[in-house]
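> mind looking at a prediction? Sequence and model below.
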Amino acid sequence: MLGISPGPTSMGSLTYQEDLDEEKNSEFTWEVQANNRAYNSQFKEKVFLCWQRKKYKKNVIHTAKYNVFSFLPLNLYEQFHRFSNLYFLLIILLQGIPEISTLPWFTLFAPFVCLLTIRAIRDLVDDIGRHRSDKIVNNRPCQILMGKSFLWRKWKNLHVGDLVCLHKDSIVPADLVLLASTEPSSLCYVETADIDGETNLKFRQAPVITHHELTSIRKIASFQGKVVCEEPNSRMHHFIGCLEWKGKKYPLDSGNILLRGCKVRNTDTCYGLVVYAGFDTKIMKNCGKIHLKRTKIDHLMNRLVVLIFVSMAVISAAMTFGFWHKVKEFNANHHYVSAMHMHSVAMEAFFIFWSFLILLSVLVPMAMFIIRVEFIYLGNSVFISWDEHMYYEPQDLPAKARSTSLNDLLGQVEYIFSDKTGTLTQNIMTFKKCCINGIVYGPEETPGKENPFLWNKFADGKLLFCNAQLLQAVWANQDWRVREFWRVLAICHTVMVQKNDQLVYQAASPDEEALVTAARNFGYVFLARTQDSITLMELGEECVYQVLAMMDFNSIRKRMSVLVRKPEGSIYLYTKGADTVIYERLQKKGETEWATEEALASFAKETLRTLCLACKEVDEEVYEEWRQRHQEASILLQNRAQALHQVYEEMEQSLELLGATAIEDKLQDGVLETIKCLKQGNIKVWVLTGDKQETAVNIGFACELLSENMIILEEKEIVRILEVYWESNNNLQGGKKKELPLQSKMALVINGEFLDQLLLSLRKEPRALVQNVNVDPLESWQEPGEERVDFLQARRLSLMWRTLGIQLRSSGLAPQQEDSKTLQSSEERRERAFMELASRCQAVICCRVTPKQKALIVALVKKYQNVVTLAIGDGANDINMIKTADIGVGVAGQEGMQAVQNSDYVLAQFCFLRRLLLVHGRWSYMRVCKFLRFFLYKTLASMMVQIWFAFYSGFTAQALYEGWFLALFNLVYSTLPVLYIGLFEQDVSAERSLELPELYITGQKEELFNYWVILQAIAHGTATSLVNFFMTLWVSQDSAGPVSLSDYQSFSVVVALSNLLSITMEVILITKYWTVLSVLAIFLSLFFYVIMTSLTQSMWLFKRFPKNFPFLYADLNVLSQPPIMLVVLLNVSLNTLPVLAFRVIYQALKKPQRKEEVEEVTSEEVITVEPVPCIHRESRARRSSYAFSHREGYADLITQGTILWRSPGVNSDMLVDHTMPPDEPSGSMKESLWYPRKMSFLGRKRHSHHGKVSSEDMQPPSEVSSFLTMDRRSAPHPQPLNKTWPSGSLQEKLPYSPQNLLPTEIPLSALDSQMTPVESQTLPSSQLSLQSQPAYLPQEKTSLWNIRKLSWKNWSYIWQKEPEPRREGILPVSSSNLSSVMETVPSAKGSSISEQPMEVEPSPVEREPSPMEWLPEPSGDQAAPDLAE
Amino acid sequence: MAMNYNAKDEVDGGPPCPPGGTAKTRRPDNTAFKQQRLPAWQPILTAGTVLPTFFIIGLIFIPIGIGIFVTSNNIREIEGNVFMYYGLSNFYQNHRRYVKSRDDGQLNGDPSALLNPSKECEPYRRNEDKPIAPCGAIANSMFNDTLELFQVGNASDLMPITLKKKGIAWWTDKNVKFRNPPGTDPLEERFKGTTKPVNWVKPVYMLDSDEDNNGFINEDFIVWMRTAALPTFRKLYRLIERKSDLHPTLPAGRYYLNITYNYPVHSFDGRKRMILSTISWMGGKNPFLGIAYITIGSISFLLGVVLLVINHKYRNSSNTADITI
């Protein structure tokens, strides 16, 4: 380890635990030299003993398991890993011992070989598919540096250490270190949809040094850097390494890495160095861990098999006991057999036990396993993918069953956990309505034929919202409110713009995009943005607004404001935000406000996402005074976020309401009907989303999971209820438990933090963090009201739990091991209580949950409710939950394929879930159950006779049936009809299944296959076998005739035929869906009986193998006798008639009862609807669901200018060699990479044109010039290095000034900055760490904290400036950003909540940056001594 | 009409299409089979629909049962061909080791099996270094009592009744399954090199004087070799053919049975029996089958009545199709 602190990135927000592991495990032994294959291939790794192979894998991927030679041995080896196969192999081997062999060798061998063959063929087919897809992937083209130029090669030719050139929209072939790109600062935009499912673009940035040095192909070709990093691992968002080049070391982290599978976006060309290839890549390390899911029936079957084995053993033992007695008699008296018993009685008995075990092994329905898994599941899966009702035309996507062993489970689902975005909703935001000045403008019913926006050359043709009246108002340009309304939309946002031939907006959230696009169509076109200006085209006139401050959105503020100076000089504050927040801050409440409020209410009723727009003019003096305080606040070191919040608050007062917008978060087609239908089918739908509570609730209403007459319980109420419940139960321990108040209409809305405190037993984490809440007194700092409430809530919750008997530690980190049992149980009891409550609710919505929590919720339900869970989602954040749930359904849609790749079923739309469950699931369940029940019956009915026969054959384990009949019975004679049932049976049609979702309940209650059903099948089978055996016996006893059935062969034939026909009759009776196929199946199986019997009893075979085919013409002789046919008829009718009558009578008697039951239930429900006053939540007329789905921090990106261009002050590009790579498109590259972009020049020109602004006014909202990043994970910095850092150098960085922006000033500032990068490179710790919460430290004892202390000790040195704009993760911190940071940290001293964000595993969920990832920034030198104290 | 913005418009994402298959749609075929809409008949078994079945079965079975019963009872009159059986009880011909102890190849005349019988025959495979023909425990324990039937005449004279030895075994057994070793030599030559089963008095080629009923194709032997299913069994011993249509085969009178006792059964508490019986269209005398048929026919009829009642009572409620398996 080189002492490099890992750069904090927003991506790499790992949990502490992972950090710790990281510290322990990471050995930097992975060396990759660029452009040097020989060097890289010298690394060898020991495989086995002295064998070695190259350490670095090629980029070839082989996911196929077998090749031509390895198929047979490997496949057989795998197959014999299965228990049942091993068992049968054992039986077959036993059979080889003549002493105990009871059945001919082929009886078990033939089916066994069939089983193995079928399985092997299936594996083979699968593997061929994998071979094919491997080939496609390995042959994808990419450009690799060969010698001096980049040549097109295939992916498989790529080696570690190669340099790759990637173009726009190409897929990254291996894990690369980004070296340079054509974008400013060598940024590279990637879409990680295939990796984590997020479609928003992410930034990757090349290391500064390579960005500066590698400016041409020639230079790249001669690049000799060496990357030293950790061994390949599966941590997607984590990478630590360093680049050694020219004797210096530069840090690398995940912000420099392009992962295999990403797509390059919006970046013309980029160059990368391959670090991990092939199976070493992060994505490959992450896949392939297929964990086996089993169905409920599987479990039941397993138990059944055990039951069968046990009963077999018991029966064998009993038979042996019988033999024990008999064999003495045989030896003593029966002269004709006495010589056959050559061993002692005990030995004979021992042998006979095994003999019986072999004989009875036919009772294990071996074929049942083969047929069920290989045919029925497969068939039903194929039917799912064939269903054209689940085919989604727009994407040309049929449904797909990836897992072929869970079909029956689909018919038993009780809980559905659904993601929101992309699953329930389309993730398309539609500008639906707006209200300006109290007047509501909705979409027009009949749109005009002409495009109403023709006058506007910037109008986006795709957008269809139009309102002539509104258009008139806009054109008239009379009402200032209309004007300002659109201006707010056009100015107050964080959208980025790309101007090619057309304007392309890139927004962090689709909401904003919709709003800005709406403004664009109505003539207020957002044209360009610089970090301190916004250019609009207002009704054809170009105006430049100076951005004075951006007050970013966050979940607490629920609003965003931009302070601008209009072209004419006045200062305006434009605000948009949640209605509640805006209304609090209005200057007056007049008629317009009331009208708008009404409009908002109506919008909310339509479940639209609303935003209120407001503005106000700000006096110059007020601004000046505010600016001072803003600046002061933004340089605070402690409580800065809160201070900034205060400052913003001051500004955002006495606003003037302009209007409101309503955006529709479009639900997917059919979501409403689907959810309704599923609810009717007694399926509970839980929505788990990373989104905010408001939006989640809004969607809950939109898809009618929630309704107005429901009692929606939020945290407080839940806690109260649980408290009451718990206390009453605690007092009555051992006594009768008090039930939770039964509410028929309840819904839960909970959020991630609450869950964190709840799901303690599930997550294996030290609970000290939570307990600290109780221990630490509240600090003096004050948090914003809402957050404080949450905190208090959390505190109260823990207090409550303490009263519930949890022994809390006094303080510190007391070991948790002791009395963990009691803790565990109390935790579990708490969880159980919660589950009991939740299971009574109609709907549960969990918002702001991390992927891990999503999985935990599923695990919680699985743990406490014995139910089948289904998780459906489309993004990578759903993978955990999809994997945890019994069934994972991936929505193959817009968010990439990762969820799909981890799912068991793939659907294109949420609404197909209805058909998947109610039709296919129900059918599959019904089919499998029917199949199993029948198969069990069939096996017992036919094979139990062996046991009865033993009583008559002196317990000598003589088989009753002919060997061939036994061998073929399960394979051929009786299989087709039951296979038909398993594949095609329909009790009701698909349409009826959908009409009557209630039918689904059968599956949930496991009515079709349970112990009772098994018992029935056993009883029925036993009865059939008894009838067949004893009727035949009684008839044959002492019968006469040349062809009697008193001889063994005839008797066997009659019993066998009776059995076969009885079973066939049973199939005929239970088949409810008669098609040509079913008739065919029955006829075929009987036909097979005839054919195979005449074959195995033919002279031809007898002559060749007399021993194996002893039943020569037995059937022919026996069945040509009419009386024998009469016996068979007797047996069959005796088996069929009573059962048929019983069923019909039972049904007829049962039906009326059922109806009564249903009525009872409904009446009960009606009675129990009673309001519980104590948990009524405050009735809200309006649901506020402001439309901001993105996370905060974007304002900082803008104000820092990172994503726009480099600020002139730090631009060192001017001095860089301008040689162009020969094969690069020259023009665009020149502009984009080596110069500030065209656009920025434009902006600057305008600055000078409109340069009435004084220099003070140009003060940017944040001090970009110097900033620090704080890394909670940072390693100690080598002191000497820090000391070399001249403290005065901080002054080199000047605040922005208008002069800086002038072209003439650029060289100067560039010079300034040029020094800094060079020096900063000498510091491996260019991102420095700072511990801003010293009070936190002493309590911690882990190594992590030791490191922290170290860095804290050193912290007087670690102030340093960071001249380069950083990549996304360590963005310079602006004031607005900081405010939010502090707000998310409720306690400075390690409260549970403050720890929360850090425990979250790397999550693609929108989430506020972890507080520690940001660092307060000092404005000058004075700050450092202050801190050092 | 509303303004739509799809954030992912520019993302060409979507599902991965198979390369080159862009023109081909993946829409599933709309066939009845694939859509599980095969034309089908979905009978619902209700009291009303199954009711006739029970009556019909009842109406058919009762007459059959009566027919069988009557026929079976009439067998007493010994008319037509009379079958002579010997019966053994408590004799486990279905003992597993016993059943196996034979060599079908040898019995089928396979020359190699003749001299080298199957191991299954142990310990009756070889005797004094010679292979046993026929080998095995079954053959060794062949029933070897001789039964002779005489009619006692008026003057107490014994008139032997002709007992036919042939035609008592399955045709296929006699002509296909059991074959003497091939060759045109006399049987004794063909069985050369073998020895008789331990318990036998005579070798196999001396079972009968008739060439066609000697050796392995001796019908007594074949009948014995067709092992019984149950410990109490009877085997056909002889046929008494009817001489003319006018007289019963065995007219009423006194008969004398001469048994040459060779076969020991006392040791295992066995019983020997001799049974004389005629055979009707439905086999030998067997009242059980007839009674069974009558019973089942009656039960079926009864169930029909019950269903009728139920159908009448619950007709209204059975309109809705119930979903049960």
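Okay, I see it.

> where does the stretch 1-150 of chain B have low pLDDT?
Within the stretch 1-150 of chain B, the stretches with pLDDT under 70 are B:1-23, B:75-79.

> do a quick rundown of the strands in it.
Using DSSP state E, counting those that start in this stretch, the strands of the stretch 1-150 of chain B run over B:3-5, B:82-89, B:126-127, B:130-131, B:146-152.

> chain A is nearest to which of these?
strand B:3-5 (3.0 Å; Cβ to the nearest Cβ). Every residue, glycine included, has its C-beta placed from N, CA and C.

> and the strands of the stretch 1-150 of chain B as CSV, adding mean neighbour count?
Output for the strands of the stretch 1-150 of chain B, formatted as CSV (neighbours: other Cβ atoms under 10 Å in any protein chain shown):
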stretch, mean neighbour count
strand B:3-5, 22
strand B:82-89, 21
strand B:126-127, 16
strand B:130-131, 16
strand B:146-152, 15
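
> show the contacting residues for A:Lys326.
Applying Cβ atoms under 8 Å, 6 or more residues apart in numbering or on different chains, we find A:Lys326 in contact with A:954-956.

> tell me the secondary structure for it?
Per DSSP: H, G, I helix; E, B strand; the rest coil, the local secondary structure of A:Lys326 is helix.

> do the same with A:Tyr961
A:Tyr961 falls in the coil class when you classify it by three-state DSSP.

> for the residue nearest to A:Ala1141 when sequence neighbours are not counted, pull up the helix or strand it's in.
Distances taken as Cβ to Cβ, 6 or more residues apart in numbering or on different chains put B:Leu303 closest to A:Ala1141, at 4.3 Å, once the chain neighbours are dropped. Assigned by DSSP states H and E, B:Leu303 belongs to helix B:287-314.

> same deal with A:Leu613?
Going by DSSP H and E, A:Leu613 is part of strand A:609-618.

> would you mind listing the buried residues in the following helix or strand past that strand?
Downstream of strand A:609-618, the first helix or strand assigned by DSSP H and E is helix A:620-635. Burial within helix A:620-635, assessed by neighbour count using 16 or more other Cβ atoms under 10 Å in any protein chain shown, is assigned to A:623, A:626-627, A:630-631, A:633-635.

> just to revisit the earlier point, format the strands of the stretch 1-150 of chain B as JSON lines; extra columns: distance to chain A.
Formatted as JSON lines, those follow (distance: least, Cβ to the nearest Cβ, whole Å):
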{"stretch": "strand B:3-5", "distance to chain A": "3"}
{"stretch": "strand B:82-89", "distance to chain A": "6"}
{"stretch": "strand B:126-127", "distance to chain A": "12"}
{"stretch": "strand B:130-131", "distance to chain A": "16"}
{"stretch": "strand B:146-152", "distance to chain A": "16"}
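
> tell me which of those strands lies nearest to A:Leu1095.
With Cβ to Cβ, the closest approach to A:Leu1095 among these belongs to strand B:130-131: 31.5 Å.

> the closest residue to A:Val900 other than its chain neighbours in helix, strand or coil?
Of all residues not flanking A:Val900 in the chain, A:Gly890 sits nearest, at 3.7 Å (Cβ to Cβ, 6+ apart). Classification of A:Gly890 by three-state DSSP places it in strand.

> wait, what's in contact with A:Gly890?
When contacts are taken as Cβ under 8 Å, 6+ apart, A:Gly890 is in contact with A:872-874, A:878, A:882, A:897, A:899-903, A:905-907.

> most surrounded residue in these?
The residue in the contacts of A:Gly890 with the most neighbours, by other Cβ atoms under 10 Å in any protein chain shown, is A:Asp878 (37 neighbours).

> might one say that that residue is in contact with A:Pro851?
Yes - in terms of Cβ atoms under 8 Å, A:Asp878 counts as a neighbour of A:Pro851; the distance is 7.1 Å.

> from the centroid of chain B, which residue is nearest?
Closest residue to the average C-alpha location of chain B: B:Ala229 at 8.9 Å, with Cα atoms, centre = their mean.

> next one: phi and psi at it?
Phi and psi for B:Ala229, reported as degrees, to the nearest 10, are phi -80, psi -30.

> check whether it really touches A:Phe1051, as I assumed.
Yes - using Cβ under 8 Å, B:Ala229 is in contact with A:Phe1051, at 3.6 Å.
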